[in-house]
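Q: Sequence and computational prediction follow.
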Amino acid sequence: MRKTVEEGKLEIGQTFPLTIRKMGINGEGVGFFKRQVVFVPGALPGEVIVAEVINIKNGFAEAKIKRIREKSPHRIEAPCPVYDQCGGCQLQHVTYEEQLRQKRDIVIQSLERYSGLNMEKTKIHDTIGMETPWNYRNKSQLQVGKQDTNVIAGLYGLNSHRIIDISDCMIQHAATNKVTQVVKALLRRLNIPIYNEKKHSGIVRTIVVRVGVETGEVQLVLVTAKNELPKKEIFIRDLRNKLPELKSIMQNVNGKRTSIIFGDDTHHLAGEEVIQETLGDLSFELSARAFFQLNPTQTVKLYDEVKKAACLTGTERVVDAYCGVGTIGLWLAKDAKEVRGMEVIRDAVLDARKNAANHGFTNMEYKVGTAERIMPLWVKEGWKPDVVVVDPPRTGCEYEFIETVLKVAPKRIVYVSCNPSTLAKDIKHFSKKYNVEYVQPLDMFPHTAHVEVVVKFTLKK
Ligand code: SAH
């Protein structure tokens, strides 16, 4: 939450020198003008800039950099040619080492503010980064559009509904870039109608490509506004000729006026319906709509951190709360007596059950429902966990869920968070009965402002 200040002190267009004190949760620079908070995208901690106010809202000001007077030694030239327009990345103008330090600092700022922890006594480890922090995303979803006669595909630009063409995204896996390029060229050559958002006409809306990083298998899902796909046969034949790695070609139909990518109907066009991927010892079949972590390299490190914090010996009952398709539980299952997971999305739970069965685990059980509803049911049945792992959405855990966990008092809680602010608030509740052993930040999305955190809690004696 941003700090409230008296309005009216700064005005739009006003320019003034500003020292940047820290990095905000969205990767922007944060400074104070006569105690007013000013957010400046692109400015770095330690820099002195001349800021120009562009917006005043809810009591804080937003400014842009007019000039940099004193530059941070960690500032670099962003390597991506469309970095300034695209909006997909926020930190390419910072060295990678400094990104990792700043992400740790963002976690510290949130904990200082909301957790009630004594920060001098709290162990916050260095951020676990990537060795090669590029080309890590296994899936791309790019909107298709036309620019004159050219077919383009990209993301909507910052604060606009104009598509920024992305031909070689530096954070995407090379295989997804290659397939997208070939599809774009084919759409143009075959003159297949492109969807026009304003007129709600045309056919092809989105190019979705996912690669199994370990297996090399690639799936294309072409999202179209209608069932028909003109020149379908030639399109498929040419694609298969040019891209032998394409194991699966699917079509998804989304006829609605919406910014949601997928519609309800998915058709099989060619090859297999799924691609294979592995994560450590586990293997997964990925269908067009299946959820899968976007950075598999870092996911393995994240799950290993969860395993380390869970300290399992083979005798424990474990909860995998907010389990998605059950991957964290699978990672832990062979060291646990029993794993139970819950998740609100029914299809994800079906996948979780299938994944458990495929790996021969008989000690796993999954329920559809919210963590706050299912957890008390288990406790009422007399089933009590020894270790609880939570991986909630950005909003954090519901209070009822935390209360139930506090009541059954498992030996350990492992909290995986993608939002330091809600994590800090939840830590405050758990702290009634638990000590924070350590906090481990991890970088799932290099060059963006996201930070993932694992917290190990142990029951107070
Ligand atoms: N643990 C998984 C995914 C975690 S993402 C993995 O590592 O891949 C968070 C998940 O929580 C999402 O799948 C979301 O659907 C689910 N979710 C959201 N609110 C929930 C709630 N109140 N109870 C249970 N699950 C919830």
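A: Received, thanks.
Q: only C-alpha atoms for contact and neighbour calcs from this point on.
A: Noted.
Q: Count the residues that sit near whichever residue of the stretch 101-250 of the chain sits closest to the ligand.
A: Of all residues in the stretch 101-250 of the chain, N138 sits closest to the ligand, at 14.1 Å by CA to the nearest ligand atom. Residues within reach of N138, counting by other CA atoms under 10 Å, total 23.
Q: Where does this protein get nearest to the ligand, residue-wise?
A: Distance from the ligand to each residue of the chain (CA to the nearest ligand atom) is smallest for T370, at 3.2 Å.
Q: need the contact list for that residue.
A: Residues counted as contacts of T370 (CA atoms under 8 Å, 6 or more residues apart in numbering) are Y322, M342, E343, V344.
Q: run the last query once more with 6 Å
A: With contacts defined as CA atoms under 6 Å, 6 or more residues apart in numbering, T370 is in contact with V344.
Q: before we move on, back to that, just the pLDDT for the residue of the stretch 101-250 of the chain closest to the ligand.
A: Residue-level confidence at N138 comes out at 98, pLDDT.
Q: Please report how far it lies from L332.
A: N138 sits at a distance of 24 Å from L332 (criterion: CA to CA, to the nearest Å).
Q: A153 now?
A: Where L332 is concerned, A153 sits at a distance of 40 Å (CA to CA).
Q: Can you give me the distance of the residue of the stretch 101-250 of the chain closest to the ligand to V211?
A: Summarising the geometry, the distance separating N138 from V211, computed by CA to CA, is 5 Å.
Q: how about the residues of the chain near the ligand?
A: Residues of the chain found near the ligand (CA under 6 Å from any ligand atom) are 293, 322-324, 327-328, 342-345, 370-371, 391-393.
Q: Could you rerun that using 5 Å?
A: Taking CA under 5 Å from any ligand atom as the measure of proximity, the chain contacts the ligand at Y322, C323, G324, E343, V344, T370, A371, P392, P393.
Q: and the next element down the chain from the longest helix along the chain?
A: For the chain, the helix with the greatest residue count under DSSP state H is helix 96-114. Toward the C-terminus, helix 96-114 is succeeded by strand 139-147 as the next helix or strand (DSSP states H and E).
Q: Can you spell out which helices and strands pack onto that next one?
A: Counting contacts by 3 or more CA pairs under 6 Å, 6 or more residues apart in numbering; DSSP states H and E, the secondary-structure elements packed against strand 139-147 are strand 150-156, strand 204-211.
Q: could you pull out the helices for this protein?
A: Using DSSP H, helices in the chain cover 83-86, 96-114, 174-189, 232-242, 296-310, 327-333, 346-358, 371-381, 399-408, 420-430.
Q: Dump these to a markdown table, plus mean pLDDT and mean neighbour count.
A: Supplementary listing: the helices of the chain in a markdown table, determined by pLDDT from 0 to 100; neighbours: other CA atoms under 10 Å:
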| stretch | mean pLDDT | mean neighbour count |
| --- | --- | --- |
| helix 83-86 | 92 | 18 |
| helix 96-114 | 98 | 20 |
| helix 174-189 | 98 | 19 |
| helix 232-242 | 97 | 13 |
| helix 296-310 | 98 | 20 |
| helix 327-333 | 97 | 23 |
| helix 346-358 | 94 | 19 |
| helix 371-381 | 97 | 16 |
| helix 399-408 | 98 | 16 |
| helix 420-430 | 98 | 21 |
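Q: residues contacting T448?
A: C89, Q90, L91.
Q: Most neighbours among the residues you listed, which one?
A: Neighbour counts for the contacts of T448 (other CA under 10 Å) peak at L91, which has 25 neighbours.
Q: How about the contacts made by that residue?
A: Neighbour list for L91: H447, T448 [criterion: CA under 6 Å, 6+ apart].
Q: now it: how far from E97?
A: Taking CA to CA as the measure, L91 and E97 are separated by 11 Å.
Q: Ok, E452 next?
A: Counting by CA to CA - E452 and E97 are separated by 16 Å.
Q: Check Q14 too.
A: From Q14 over to E97 the distance is 34 Å, taken as CA to CA.
Q: quick revisit: turn the contacts of T448 into CSV, including distance to Y366 and pLDDT.
A: As requested, the contacts of T448 are exported to CSV (distance: CA to CA, whole Å; pLDDT from 0 to 100):
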residue, distance to Y366, pLDDT
C89, 36, 96
Q90, 37, 96
L91, 38, 98
